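S.K.: here's my sequence, what's the structure:
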Amino acid sequence: MTGISAEVAETTQRLRDGMAGGVLSFPLTSFRDDGGLDLDAYRTYLADRLAAEPGAVFPACGTGEFFSLDEDEYRAVVAATVEIADGRLPVVAGIGYGWAQALRFARIAEEAGADALLVLPHYLVAAPQEGLVGQLERIAAGTRLPLIAYQRGQVAFTAASLRHIARIPGVIGLKDGHSDLDRLQRLTLAAPEGFLFFNGASTAEIQARAYATVGVPAYSSAVHAFAPEIADAFFTALKDGDDTVVTTLLREFYVPLVELRDRVPGYAVSLVKAAARLRGLPVGPVRAPLADPSPADLAELEKVLDHGLSLVGAVRRPV
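M.R.: Next comes the predicted model:
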């Protein structure tokens, strides 16, 4: 990371501190039954999420259905997040599509008061390494906010490209969704000191121990979107080296959740939203092209969730 401003350096340090102290929260976006944005419900839901003290909050990203938001809705969601966070933790807004459209969202996020941006994988086409680097160069040149690149799907950086993007002023980190630990280790070794990495795999807890072995202990948590008690219990056990609790939660909650998630495309979001509704959280349905879980899957989800919550009570140590 070269040529960064004092403001970017401060945001980077806040994110580093947050990643060390808690899970990274990717909140859901609340919709009404007719598909419209329910901003009042989102405010209520988000305030409840932030009360659990995550390390940072990432509104309007994949879990928040960025791909289905128009620009006015995006502005409202990011602005509400900034207002409710009130400076207590960093707000990292999602941006995406091609660089020109990403910059439109970046400017909206700037105006709304976001601290940083997560650059979601670009739309549709596969691209060479020089194009992946060029995408970030274009975006970085058009915003004052620091950027975290997200490699997933058709975006996968080589070590040489990582060295290049780490030299782009304002690019401060990488979220990894590939779970290729050989590649990720090469990237961490190629990165300059202070460059941020975090585990962004779906249901990242499943692979959290493996990521930590290559120097990437920080991770995002979809479970935090509906059961922060479980997410925080896992994070604390992992941080404290309590392998018994970690293994119990993995075997009896996270693995059954992932097996259910993997049944239907899109369940990585719609199942999370359904779990939030089961807990009485005002998030509403998903938007098409996603679809809500079937009644049978919803019943199974309820059993997995109830068991996970019971496990937290069983493994929680006395204060």
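S.K.: rest of the way, CA atoms for contacts and neighbours
M.R.: OK.
S.K.: starting at the chain centroid, how far to stretch 276-296?
M.R.: Its chain's C-alpha centre and that of stretch 276-296 lie 19 Å apart, by Cα atoms, centre = their mean, to the nearest Å.
S.K.: and it, average pLDDT?
M.R.: The pLDDT scores in stretch 276-296 average 97.
S.K.: quick check: buried residues in that stretch?
M.R.: 276, 278, 281-287, 290-293 (16 or more other Cα atoms under 10 Å).
S.K.: what's the first-to-last distance across that stretch?
M.R.: 17 Å (Cα to Cα, to the nearest Å).
S.K.: and what of stretch 163-175?
M.R.: 15 Å.
S.K.: most widely separated two among the buried residues of stretch 276-296?
M.R.: Leu281 and Leu290 (19.1 Å; Cα to Cα).
S.K.: hey, where'd the strands end up in the stretch 201-319 of the chain?
M.R.: For the stretch 201-319 of the chain, strands defined by DSSP state E, counting those that start in this stretch occupy the ranges 220-221.
S.K.: any low-confidence regions in it?
M.R.: 315-319 (pLDDT under 70).
S.K.: now the helices for it?
M.R.: Secondary structure of the stretch 201-319 of the chain, counting by DSSP state H, counting those that start in this stretch: helices at 208-213, 228-240, 243-249, 255-261, 267-278, 295-315.
S.K.: got the buried residues for the second one?
M.R.: Of the residues in helix 228-240, those buried under the neighbour-count criterion (16+ other Cα under 10 Å) are 228-238.
S.K.: quickly name whichever of those residues is closest to Arg104.
M.R.: Pro228 (32.5 Å).
S.K.: thought that closest one was touching Leu50?
M.R.: No. Pro228 lies out of contact with Leu50 (Cα atoms under 8 Å); the separation is 9.7 Å.
S.K.: anything in contact with each of the two?
M.R.: Common contacts of Pro228 and Leu50 (Cα atoms under 8 Å, 6 or more residues apart in numbering): none found.
S.K.: can you put the buried residues of helix 228-240 in a markdown table and add distance to Asp306?
M.R.: Converted to a markdown table, the buried residues of helix 228-240 look like this (distance: Cα to Cα, whole Å):
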| residue | distance to Asp306 |
| --- | --- |
| Pro228 | 13 |
| Glu229 | 12 |
| Ile230 | 11 |
| Ala231 | 14 |
| Asp232 | 16 |
| Ala233 | 15 |
| Phe234 | 16 |
| Phe235 | 19 |
| Thr236 | 20 |
| Ala237 | 20 |
| Leu238 | 22 |
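S.K.: closest to Gly170 among those residues?
M.R.: Looking across these and measuring by Cα to Cα, the closest to Gly170 is Phe235, at 29.0 Å.
S.K.: which residues does the closest one contact?
M.R.: Neighbours of Phe235 in contact, by Cα under 8 Å, 6+ apart: 22-23.
S.K.: cool, Ile230 as well?
M.R.: Ile230 neighbours (Cα under 8 Å, 6+ apart): 223-224, 308-309, 312.
S.K.: coming back round to it: highest average neighbour count across the helices of the stretch 201-319 of the chain?
M.R.: Compared across those, helix 267-278 shows the largest average neighbour count, a mean of 22 (mean count of other Cα atoms under 10 Å).
S.K.: quick one: that one to helix 295-315, angle?
M.R.: Interaxial angle, helix 267-278 versus helix 295-315 (axes from the mean of the first three to the mean of the last three Cα atoms, to 10 degrees): 70 degrees.
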